[in-house]
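Q: here is a sequence with its predicted model. Questions after.
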Amino acid sequence: MNHELAELLFPNIKKTREEVEAKFPDRNLKEGAMVTRFGPSPTGFLHIGNLYGAFIDSVMAHQTGGVMYLRLEDTDSKRQVEGASDLILNSLKHFHIAYDEGYGKEGFYGPYVQSERKEIYQVFAKALVEEGKAYPCFMKEEELQEIREGQELRKEITGIYKHYAVDRDLSLEEVKEHLEKKDEYVIRIKSPGDMDKQIILHDLIKGDILLPENIIDEVILKKDGIPTYHFAHVVDDHLMKTTHVIRGDEWVSSYPKHLQLFQLLGWKSPKYAHHAALTKKEDGKVRKLSKRKDPEFSVSYYQEAGIPAEALRLYLATLTNTNFEEWYLQNKDKTIADFTFSYKKMPVGGTLFDMEKLNNICRTYFSRLKAEKLYEDVLLYNEEYDKEYAGIMKKNKERLVSFLNIERDAKRPRKDIATLKDLKEESSYMIDEFFFQNAENTYKIAEEKNYDIELLKKYSEEFSESDSYEEWYERVKRFAQDNGYASEVKMYKENPENYKGHVGDICEMIRFCLTGRTKTPDLYQILSILGKENFKKRVIFFENVRL
RNA sequence: GGUCCGUUGGUGAAGGGGCUUAACACGCUGCCCUCUCAAGGCAGUAUUCACGGGUUCGAAACCCGUACGGACUACCA
């Protein structure tokens, strides 16, 4: 009877489950190696939450000498978006999420696109029907809706189970009748679950979680013959030999379904690690990051904003393991690959995605780069997003690198660059064509200050390019003194009436005339980089602006 | 409504019975260094871990209730 039913429903499926299983042999990996998978749906851009998951997958697989593979979960044809799979591939590449096999690569366990595995799922669905563990359900959408509404009203569990599962024991004749009428149907499992029994999910991150057994006759094959997520997950992760299913904790509540499916198919279930969803704060409320509501959390957003891939990875690492940040701060010469991540250190509750924190990580990251490398990164960014400036950068390479080198010694580097965009603004006064272009823009607050141009002219003549820092500063002090300014700030503070100002005021004057700003990195170094002639030109320029 | 999960300073959070007079990071405040800024140094910033009970010699940690927040509850993943 079951055999006949199975043949009736799947006349084109000739393979047996044994034959299919034989094509997916065990992986030959060393003890403890984890096989993980990243399974995005090609429904649009890659979301930061997806990337977070992919990051964990890759890190856990690779630190154990295992395998991470990429599987495209495209079982929902309605939500499919053109070009989404390329977007996913590009994003993974940009953020250096390296996977070993799967979509876009080679691999023995393919195909890695679920829509191309239709036959495989059907083989196992057929087997379940044959074993009396699944059945065709011809219920119409309206019927299902009516049942659900009634259940909601009576505060019952919603879904098709027990007496609601009216097609569970259809006779062969009845099924034939339906088929002749071309009635649409899905394949459901006959859930052997008992509502009063509980199962334990041994979650690697959250610990043991008690859940009720699944009693619902879950759909495994939709009316178009494509599997649901639940069925595809179980079949694929078994065949592809996944050892650790790492996924968002929105899946915790469907674990009973998955466990039941593994049992029905007679398979051992993999280990599970449910990580907290990335959340955001909106109007004081915390909520899960949503692909639909939060386009700014598309990973391309970070690309455009000039957040370097490595900095975002560092942030993902701090979100992955709560002890990562401290470790990284203490091991300045180490990278993510040197850290051993563990499930136990992953956050259990929601994980707030904090832009300010990301910003800070970026600053720290940039501060540790060599000036040359930073210059190259910024150039690469601008070649994509600001071609004009990229050209200017190339013309001024030497000057920009020197600028970036200011106070970039190992011990206390500056942290004033937060994104790849920032250099343009931060260093604008180092580029002559920006500086001399628009005087009004250059000297924004000039009117408010009472700078002595004659003094500046005098100083620009006296300034010597060959001075060391100490010599230079000694000379500035002497210059201050010779012109009625205190050579020490303290002296001025004790008797302000005796002086026109102090050495700091002299420096401010020079700084402002030279850069158009009151705050800049070390003045001596800027002077040295620009040189005496340029300095003199800027004094004249300043004078003209003031007149 | 049901099922799970969470709630620790201004912020992100660590810690899961005595090692905590609650780590670390960011922020903020003050002082120091100092030509400005950044960086750095020192100090301060939760006498207390949502609330109410309980267990215990001892609770932020364990248990029970309450409140609040979140996730799930599809022929979506």
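A: That came in fine, so what should we check first?
Q: so A:Tyr302 touches A:Leu312, yeah?
A: Yes - A:Tyr302 sits in contact with A:Leu312 when judged by Cβ atoms under 8 Å, with a separation of 5.5 Å. All C-beta spots, glycine's among them, are computed from the backbone N, C-alpha and C.
Q: what about the stretch 301-450 of chain A, any weak spots by pLDDT?
A: Counting by pLDDT under 70, the ranges of the stretch 301-450 of chain A that qualify are A:410-411, A:445-449.
Q: RNA strand B contacts on that one?
A: Applying Cβ under 7 Å from any atom of the strand, one finds that the stretch 301-450 of chain A approaches RNA strand B through A:322-323, A:325-326, A:329, A:345, A:347-352, A:354, A:356-357, A:360, A:407, A:412-416.
Q: among those residues, name the ones in helices.
A: In helices, judged by DSSP state H, the following of these are found: A:325-326, A:329, A:356-357, A:360.
Q: most neighbours of all the residues you listed, which one?
A: A:Glu325 (17 neighbours; other Cβ atoms under 10 Å).
Q: for it, what are its contacts?
A: Taking Cβ atoms under 8 Å, 6 or more residues apart in numbering, we find A:Glu325 in contact with A:Thr318.
Q: next, give phi and psi for the spatially closest residue to A:Lys291 that is not a sequence neighbour.
A: Closest residue in space to A:Lys291, ignoring its immediate chain neighbours: A:His47 at 4.9 Å, by Cβ to Cβ, 6 or more residues apart in numbering. A:His47 adopts backbone torsions of phi -100, psi 150, taken as degrees, to the nearest 10.
Q: A:His47 pairs with what?
A: Here A:His47 sits in beta bridges with A:Ser298, as judged by DSSP bridges.
Q: my guess is it contacts A:Ser300. True?
A: No - with contact defined as Cβ under 8 Å, A:His47 does not count as touching A:Ser300 (10.3 Å).
Q: between those two, who's got more neighbours?
A: Counted by other Cβ under 10 Å, A:His47 and A:Ser300 do not tie: A:His47 has more neighbours, with 22 against 14.
Q: any residues of the stretch 1-150 of chain A in contact with RNA strand B? List them.
A: Proximity of the stretch 1-150 of chain A to RNA strand B, by Cβ under 7 Å from any atom of the strand, involves residues A:39, A:41, A:73, A:75-76, A:79, A:139-141, A:144, A:148.
Q: show me which pair in the ones in helices among the residues of the stretch 301-450 of chain A next to RNA strand B is furthest apart.
A: Greatest spatial distance in these: A:Glu326 and A:Glu356, 18.3 Å, computed using Cβ to Cβ.
Q: which residue packs closest to A:Asp169, ignoring adjacent ones?
A: Of all residues not flanking A:Asp169 in the chain, A:Tyr135 sits nearest, at 8.0 Å (Cβ to Cβ, 6+ apart).
Q: name the residue of the stretch 351-500 of chain A that lies nearest to RNA strand B.
A: Closest residue of the stretch 351-500 of chain A to RNA strand B, Cβ to the nearest atom of the strand: A:Arg412 (2.9 Å).
Q: and for that residue, the neighbour number?
A: Residues near A:Arg412, counting by other Cβ under 10 Å, number 9.
Q: for the one 5 residues further on, same thing?
A: For A:Ile417, the neighbour count with other Cβ under 10 Å is 22.
Q: what's it in contact with, if anything?
A: A:Ile417 neighbours (Cβ under 8 Å, 6+ apart): A:363, A:366-367, A:374, A:423, A:426.
Q: also A:Met139?
A: A:Met139 makes contact with A:160, A:166-167 under the criterion Cβ under 8 Å, 6+ apart.
Q: ok, back up a step: any idea how far the residue of the stretch 351-500 of chain A closest to RNA strand B lies from A:Tyr524?
A: From A:Arg412 over to A:Tyr524 the distance is 16 Å, taken as Cβ to Cβ, to the nearest Å.
Q: kindly report the same for A:Ala134.
A: A:Ala134 is 79 Å from A:Tyr524, by Cβ to Cβ.
Q: tell me how many other residues surround the residue nearest to A:Asp169.
A: The tally of other residues near A:Tyr135 (other Cβ under 10 Å) stands at 23.
Q: that one contacts A:Leu172, doesn't it?
A: No - here A:Tyr135 lies out of contact with A:Leu172, judged by Cβ under 8 Å, at a distance of 11.3 Å.
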